[in-house]
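Trainee: predicted model and sequence below, questions to follow.
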There are 2 protein chains.
Amino acid sequence: MQHTYIHEVVARDGLQIEPQFVPTEQKIELIDALSDTGLAKIEVTSFVSPKAVPNLRDAETVMANIKRKPSVKYVALIANLKGAERAIAARADEVNLVVSVSETHNRANVRRSTDASFEGFGEIMRELERTGISVAGALSTAFGCPFEGGQSSGRVLQFVGRYVELGVRSVTLADTTGMGHPKQVLDLCSAVRERWPELELALHFHNTRGMGLANVLSGLAAGVQHYEACLGGLGGCPFAPGATGNICTEDLVHMLECMGYTTGVNLDKLLAVSKRLGEIVSHELPGQVAKAGKTTDLHPIPGGLH
Amino acid sequence: MQHTYIHEVVARDGLQIEPQFVPTEQKIELIDALSDTGLAKIEVTSFVSPKAVPNLRDAETVMANIKRKPSVKYVALIANLKGAERAIAARADEVNLVVSVSETHNRANVRRSTDASFEGFGEIMRELERTGISVAGALSTAFGCPFEGGQSSGRVLQFVGRYVELGVRSVTLADTTGMGHPKQVLDLCSAVRERWPELELALHFHNTRGMGLANVLSGLAAGVQHYEACLGGLGGCPFAPGATGNICTEDLVHMLECMGYTTGVNLDKLLAVSKRLGEIVSHELPGQVAKAGKTTDLHPIPGGLH
């Protein structure tokens, strides 16, 4: 029996690319319901330009009105110093920094070089030092870039090292467009864990090519205990229209609990929130367990067979 | 580098539960196109009662008109002696027998006890002995029954043993309604392989609860080289409306090739047949790689970023 920590990203990563703006009060309702399920972290919103991410233009209002539970870390994504100031004002428990391993993807995503991104992170770390806010660093496209293709593991390790040098104690390897495969995940996570055994390593997978939970299995084999996932399997990437999005939180929790891992998450409560999410976004969700039921949900024996 | 063998079941397992009958000439077109992709086995049809499976009522015509390749084994599912006689007449390369590990599921599926099923298999084996037709034995609900729940691994091993005693050299553990999880797959496959190292062990997974390819990963870890899959991820189970079906052949081949396993399958050809399948069944398929593209399919760099 081993414990795993589930980081829920639906309110940020999921809702940001929904075709419709989800009303602020429904976001708050969703996050409050998630707070009651036993999740370790909830990524609430991002403090970025409302022009860049109009769906999350209500970041301050959401942060100010959610009912916080002491057992949950409430996280906000930030891109620069201004975002850090907003996150401090909103009393985030943790901020997420993000840089792409791929130079091209970083320029496309935040319009600057990866060097410039890390320089900015230095400023942000100094700004946050005087607060109690912890910092997590994400590495986008760590398992491949949709423009450049594969990224060398040497480069990924170098980027992890740059975060560690900045004082970041939690690093997330993100498979931004679902390009990672299980062997790659095992090799890369093993290398990171061997080099930085004290680092809190988290994984962020997409199910774009169906390998999401298989990649989690490799993460587990490498000893990784932190996984980001998205309720209902919402989210996704603009380059894969029709494909599924992030790995689905309820499918992940279901698999982990089946395998004997503890998650601290009440799956029935989570499934109820997933159902509510489907009503809020008004479209079908890619998640499977919400449709098929848990493996322990048995069916009546067909008539006449006793 | 290790070789894996892909058994394609779409023409039988996929088409049998489609809401619409697929015309005979389109079945033949599909199977002929699949024959050209490098698959090891193709399950063509089943010789069962046309009343039980009306979608496959054209079994003889399909078998008689496909263009066979010597590199492919053409398989037919049979349920009884009459089916065996039909398979002999149709010159199947291999027949698949099937019994459920769950007593209740076997009664629901074939209206007899598991003991009666194995007695019938004895007769079939004697009938087939004088032919060159090989026999594979499938164990349905090997990872759980939708009526009874979990099945003990002792019972699964006992059933494998019964097939082996009958002279069956290839056994498929089938997760009929997608209840198996990766730890269970690793444990059960390891036990079977330890007990019968010479047996050709195959795995048949469904993606009902999102664990399909993760279960394959466990099969690989246990040394299993044979996998059944369904083009486009067609198929499924009547107890999980809306859930995905069998694991998707193109997603499976894509993952295996990414990981460095050889499959002998030309993925581009397979994706082309999957596209044609979508036209034939006239609905969206659950497969992911057909929508998202291979990880090696890169995207143009967004404008203004050079």
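Mentor: Good, I have the coordinates.

Trainee: use CA for all of it now, contacts and neighbours both
Mentor: Fine.

Trainee: show me where chain A has helices.
Mentor: A:24-35, A:59-65, A:81-89, A:103-110, A:114-129, A:153-165, A:182-195, A:212-221, A:249-258, A:267-281, A:289-292 (DSSP state H).

Trainee: from the contact counts, what lies against the first one?
Mentor: What it means is helix A:24-35. If you count contacts as 3 or more Cα pairs under 8 Å, 6 or more residues apart in numbering or on different chains; DSSP states H and E, helix A:24-35 packs onto strand A:41-47, helix A:59-65, helix A:267-281.

Trainee: same question, the shortest one
Mentor: Using 3+ Cα pairs under 8 Å, 6+ apart as the contact definition, the elements that helix A:289-292 packs against are helix A:249-258, helix A:267-281.

Trainee: which residues are in contact with it?
Mentor: By Cα atoms under 8 Å, 6 or more residues apart in numbering or on different chains, the residues outside helix A:289-292 that reach it are A:232, A:250-251, A:254, A:271, A:274-275, B:208-210, B:239-243.

Trainee: list only those of those residues flagged as buried.
Mentor: Neighbour counting by 16 or more other Cα atoms under 10 Å in any protein chain shown classes A:232, A:250-251, A:254, A:271, A:274-275, B:208-210, B:240, B:242-243 among the contacts of helix A:289-292 as buried.

Trainee: specify which member of those is nearest to B:Gly137.
Mentor: B:Gly137 has its nearest neighbour among the buried ones among the contacts of helix A:289-292 in B:Thr208, at 22.8 Å by Cα to Cα.

Trainee: can you tell me which residues contact the residue nearest to the closest one when sequence neighbours are not counted?
Mentor: Sequence neighbours aside, B:Gly178 is the residue nearest to B:Thr208 in space, at 4.8 Å (criterion: Cα to Cα, 6 or more residues apart in numbering or on different chains). Counting by Cα under 8 Å, 6+ apart, B:Gly178 makes contact with B:205-209, B:211-212.

Trainee: identify the farthest-apart pair in these.
Mentor: So, the contacts of B:Gly178 by Cα to Cα: farthest apart are B:Phe205 and B:Arg209, at 10.7 Å.

Trainee: what does the stretch 151-300 of chain A put close to chain B?
Mentor: A:179, A:181-184, A:208-211, A:213-215, A:217, A:239-244, A:251, A:255, A:258-259, A:287-289, A:291-300 (Cα under 8 Å from any Cα of the partner chain).

Trainee: by proximity to chain B, which residue of the stretch 101-250 of chain A wins?
Mentor: A:Ala214 (3.8 Å; Cα to the nearest Cα).

Trainee: number of residues surrounding the closest residue to that residue other than its chain neighbours?
Mentor: In this structure, A:Ala214 finds its nearest non-sequential neighbour in B:Ala214, 3.8 Å apart by Cα to Cα, 6+ apart. Residues near B:Ala214, counting by other Cα atoms under 10 Å in any protein chain shown, number 27.

Trainee: do you know the pLDDT at B:Ala214?
Mentor: B:Ala214 carries a pLDDT value of 98.

Trainee: tell me the contacts of it?
Mentor: B:Ala214 neighbours (Cα under 8 Å, 6+ apart): A:211, A:213-215, A:217, B:181-182.

Trainee: quick one: average confidence on stretch A:248-255?
Mentor: Stretch A:248-255 carries an average pLDDT of 98.

Trainee: and the helices and strands packed on helix A:289-292, which is most packed in?
Mentor: Most buried of the helices and strands packed on helix A:289-292 by mean neighbour count (mean count of other Cα atoms under 10 Å in any protein chain shown) is helix A:249-258; its value is a mean of 25.

Trainee: elements contacting that one?
Mentor: Applying 3+ Cα pairs under 8 Å, 6+ apart, we find helix A:249-258 packed against strand A:5-8, strand A:226-229, helix A:267-281, helix A:289-292.

Trainee: would you format these as a markdown table with mean pLDDT included?
Mentor: As requested, these are exported to a markdown table (pLDDT from 0 to 100):
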| stretch | mean pLDDT |
| --- | --- |
| strand A:5-8 | 98 |
| strand A:226-229 | 98 |
| helix A:267-281 | 98 |
| helix A:289-292 | 95 |
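
Trainee: now render these as a markdown table, adding distance to B:Val171.
Mentor: Output for the helices and strands packed on helix A:249-258, formatted as a markdown table (distance: least, Cα to Cα, whole Å):
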| stretch | distance to B:Val171 |
| --- | --- |
| strand A:5-8 | 38 |
| strand A:226-229 | 36 |
| helix A:267-281 | 35 |
| helix A:289-292 | 27 |
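
Trainee: excluding its backbone neighbours, what's nearest the residue positioned nearest the centre of chain A?
Mentor: For chain A, A:Glu228 is the residue whose C-alpha lies nearest the centre (Cα atoms, centre = their mean; 3.6 Å). Closest residue to A:Glu228 apart from its sequence neighbours, by Cα to Cα, 6+ apart: A:His7 at 4.5 Å.

Trainee: any stretches of the stretch 101-250 of chain A with poor pLDDT?
Mentor: Residue ranges of the stretch 101-250 of chain A with pLDDT under 70: A:238-241.

Trainee: try it again with 90
Mentor: A:109, A:236-244 (pLDDT under 90).

Trainee: neighbours of the residue lying closest to A:Met255 once chain neighbours are set aside, how many?
Mentor: Counting by Cα to Cα, 6+ apart, the nearest residue to A:Met255 once its immediate chain neighbours are dropped is B:His181, at 6.6 Å. When counting by other Cα under 10 Å, one arrives at 26 neighbours for B:His181.

Trainee: kindly report the same for A:Gly260.
Mentor: By the criterion of other Cα under 10 Å, A:Gly260 has 12 neighbours.

Trainee: A:Tyr261 too?
Mentor: Neighbourhood size, A:Tyr261 [other Cα under 10 Å]: 17.

Trainee: any idea how far it lies from chain B?
Mentor: 10 Å (Cα to the nearest Cα, to the nearest Å).

Trainee: wait, that residue sits on A:Leu217?
Mentor: No. Assessed by Cα atoms under 8 Å, A:Tyr261 is found out of contact with A:Leu217, at 11.6 Å.

Trainee: A:Val281 reaches A:Val22, doesn't it?
Mentor: Yes. Judged on Cα under 8 Å, A:Val281 makes contact with A:Val22 at a distance of 7.3 Å.

Trainee: from A:Gly232, how far out is A:Pro286?
Mentor: A:Pro286 sits 6 Å away from A:Gly232, going by Cα to Cα, to the nearest Å.

Trainee: now swap in A:Arg162 and tell me
Mentor: 33 Å.

Trainee: could you do A:Ala40 as well?
Mentor: Plainly put, A:Ala40 is 18 Å away from A:Gly232 if you go by Cα to Cα.

Trainee: try A:Thr295
Mentor: 17 Å.

Trainee: what about stretch A:99-106, distance to the chain center?
Mentor: 18 Å (Cα atoms, centre = their mean, to the nearest Å).

Trainee: what does that stretch rub up against?
Mentor: For stretch A:99-106, the surrounding residues in contact (Cα under 8 Å, 6+ apart) are A:112-114, A:117-118, A:137-142, A:144-148, A:151, A:155-156, A:159, B:301, B:305.

Trainee: please point out which parts of that stretch sit buried.
Mentor: Within stretch A:99-106, the residues that count as buried by 16+ other Cα under 10 Å are A:99-106.

Trainee: how about stretch A:148-162?
Mentor: Within stretch A:148-162, the residues that count as buried by 16+ other Cα under 10 Å are A:148-150, A:153, A:156-157, A:159-161.

Trainee: can you tell me the closest non-neighbouring residue to A:Thr131?
Mentor: A:Ile88 (7.6 Å).

Trainee: residue contacts, the one you found?
Mentor: Going by Cα under 8 Å, 6+ apart, A:Ile88 touches A:128, A:131, A:133.
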